[in-house]
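Okay, sequence plus prediction incoming.
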Amino acid sequence: MTYKVEYYSAKVLAEIEAWPVDILADYAHLIELLMEHGPNLRMPHSRAMGEGLVELRPKGKEGIGRAFYCYLVGKRVVIVHAFVKKAKQTPERDLTVARKRVAEVKNG
């Protein structure tokens, strides 16, 4: 059963495409796993963050990326926010942006 991956906006996709090549390659691999396994994808690749928000956890020699997403009816996945981590902990600002966008996507 294949899930369809969509992006919240062209800006989110552009942010991901600007990631270092090694992180981007791992992201591409994880997206394939996400499309195949959907909600069954778990740690270390994916982690639930609560309130319908889930993070995809790509990494590479040049750093760690994070792509936040949610599931919608019809086997749809929407990537709502993405960034390359610069600190050990995910910045609260990024979590706030992601949660706000999940609410927008789920409520129409």
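Yes, it's here.

ok, how many other residues are close to the residue lying closest to Tyr27 once chain neighbours are set aside?
Of all residues not flanking Tyr27 in the chain, Pro58 sits nearest, at 4.0 Å (C-beta to C-beta, 6 or more residues apart in numbering). (Each C-beta comes from the backbone N, C-alpha and C, glycine too.) Burial measure for Pro58: 24 neighbouring residues, criterion other C-beta atoms under 10 Å.

Dihedrals phi and psi, Pro58?
phi -70, psi 150 (degrees, to the nearest 10).

hang on, it packs against Val21?
No. With contact defined as C-beta atoms under 8 Å, Pro58 does not reach Val21; the gap is 11.6 Å.

Asp26: neighbour count?
19.

Give the buried residues for the helix or strand it falls within.
Using DSSP states H and E, Asp26 maps to helix 21-37. Of all the residues in helix 21-37, those buried under the rule 16 or more other C-beta atoms under 10 Å are 23-24, 26-27, 30-31, 34-35.

how far is stretch 43-51 from where the chain is centred?
10 Å (C-alpha atoms, centre = their mean, to the nearest Å).

do the same with stretch 20-28
13 Å.

ok, and what's touching it?
Contacts to stretch 20-28, defined as C-beta atoms under 8 Å, 6 or more residues apart in numbering, come from residues 16-17, 19, 56, 58-65, 67, 84.

Endpoints of stretch 59-66, how far apart?
9 Å (C-alpha to C-alpha, to the nearest Å).

is Val84 in a bridge, and if so with what?
Gly65 (DSSP bridges).

Helices along the chain, start to end?
10-17, 21-37, 92-106 (DSSP state H).

Could you export those helices as TSV, including mean pLDDT?
Formatted as TSV, the helices of the chain follow (pLDDT from 0 to 100):
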stretch	mean pLDDT
helix 10-17	98
helix 21-37	98
helix 92-106	97
